[in-house]
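Undergrad: show me how the following folds:
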Amino acid sequence: MLDYPALAALAAVIRTGSFDAAAEALSVTPSAVSQRVKGLEERLGLPLVIRATPCRPTEAGARLAAHLDQVALLEHDMMAGDPVWAAAFGGARPTLKIALNADSLGTWFPGAAARFAAAQPNTLSLVLDDEADTAERLRSGEVIAAVTTAGKAVAGCRTMPLGSLRYVAAATPDFRDHHFPDGVTAARLAEAPVLRFSSRDRLQLQWTEKVVGRPIEGPTHWVPSTQGFLDFTLAGVAWSLTPERLAAPLIASGRLVDLAPGVIVDVPLFWQHLRITTRLIEDLTCAVRAEAADWLHPV
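TA: So this is what the prediction gives:
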């Protein structure tokens, strides 16, 4: 049998990044936390924490922390259905950890969180990553659910399509007139400043390939923020691929223009979550699917 107080200490170290902070969170001494984690490592014969600043889990440590998260979800379901059990064992509410991409966070996901909050008092902890990589967070056990472009289910998880987040190429009228006076061409794209989120963000290259037949990368500003993308675009710094729902009112008002009307890039998104059946995961999934249906385009 696993030593759950020791597991709680391990999870606290991973969550807070240090033994001292974990001790404060658990209301015990740092020595007690250290002894519990060390005892668990000795019993299993495996290192569980990389003792650095901040502390990080080993692969085995991450799996154990994920196991504890799943146990907490199951225990919450058991106690929520019986007030006697809840009174006897306390009313701890597990936080649900979710991986998602910045554009989902900046567009439709807050509405999903609001729907979930109306059904459950539990809090969420969001981990931002590229939509192509969020499934890896689920695979490692770091999160219990993820918004991802991976349609194939991670082992031990369920997957379902949410819809596509649609993007359009936007710029200010002045930027368009200065950089694309005769329309969007390969030569002009090679010289016009563009925004990218990170080196993994290839939406702009997909769009240029649709427009001129090949991917073209102009001078690039790296802006890892959905709101930052919009602010930089509105400031006339560069053109960008912007979620259509964010760009539409600005295009309608004349503050932005669509550089190539009718040319869009759709990014299909999927919802993956642990296969365990709990009321919290079911309510979260319902909230995510409902909000996605209002925001995203059918796949």
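
Undergrad: host element of Thr242?
TA: Taking DSSP states H and E as the definition, Thr242 sits inside strand 240-243.

Undergrad: and what of Asp69?
TA: Asp69 belongs to helix 59-80, assigned by DSSP H and E.

Undergrad: check which residues of the next helix or strand along the chain from the strand holding Thr242 are buried.
TA: Downstream of strand 240-243, the next assigned helix or strand under DSSP H and E is helix 244-253. Neighbour-count burial for helix 244-253, with 16 or more other Cβ atoms under 10 Å as criterion, is recorded at Glu244, Leu246, Ala247, Ala248, Leu250, Ile251. No exception for glycine: its C-beta is placed from N, CA and C like everyone else's.

Undergrad: helix 244-253 packs against which elements?
TA: On a contact count with 3 or more Cβ pairs under 8 Å, 6 or more residues apart in numbering; DSSP states H and E, helix 244-253 meets strand 157-171, helix 226-234, strand 257-258.

Undergrad: which of these is buried the deepest?
TA: The highest mean neighbour count among the helices and strands packed on helix 244-253, using mean count of other Cβ atoms under 10 Å, belongs to strand 157-171: a mean of 21.

Undergrad: Ala12: neighbour count?
TA: The tally of other residues near Ala12 (other Cβ atoms under 10 Å) stands at 24.

Undergrad: against Leu44, how distant is it?
TA: 18 Å (Cβ to Cβ, to the nearest Å).

Undergrad: next structured bit after the helix or strand of the chain at the bottom of the mean pLDDT ranking?
TA: Scoring the helices and strands of the chain by mean pLDDT, DSSP states H and E places helix 83-89 at the bottom, with a mean of 56. Counting by DSSP H and E, the next helix or strand C-terminal to helix 83-89 is strand 96-100.

Undergrad: off-centre distance for the very next helix or strand once past that next one?
TA: Using DSSP H and E, the helix or strand that follows strand 96-100 towards the C-terminus is helix 102-105. Remark: helix 102-105 is offset 7 Å from the chain centroid, using Cα atoms, centre = their mean, to the nearest Å.

Undergrad: which strands or helices does helix 102-105 pack on?
TA: Packed next to helix 102-105, using 3+ Cβ pairs under 8 Å, 6+ apart, are strand 124-128, helix 226-234.

Undergrad: what does it rub up against?
TA: Helix 102-105 has contacts (Cβ atoms under 8 Å, 6 or more residues apart in numbering) with Leu126, Leu128, Glu131, Val147, Leu165, Phe197, Pro224, Ser225, Thr226, Pro243, Leu269.

Undergrad: got it, and stretch 278-287?
TA: Outside of stretch 278-287, the residues within contact range by Cβ under 8 Å, 6+ apart are 73-74, 76-77, 80, 94, 96, 98, 112-113, 115-116, 119-120, 122, 144-145, 160, 271, 273-274.

Undergrad: which PyMOL command selects the buried ones in those?
TA: Command for PyMOL, covering only those of those found buried under the criterion 16+ other Cβ under 10 Å:
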select buried, resi 73+76+77+80+94+96+98+112+113+115+116+120+122+144+145+271+273+274
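
Undergrad: okay then, goodbye and thanks.
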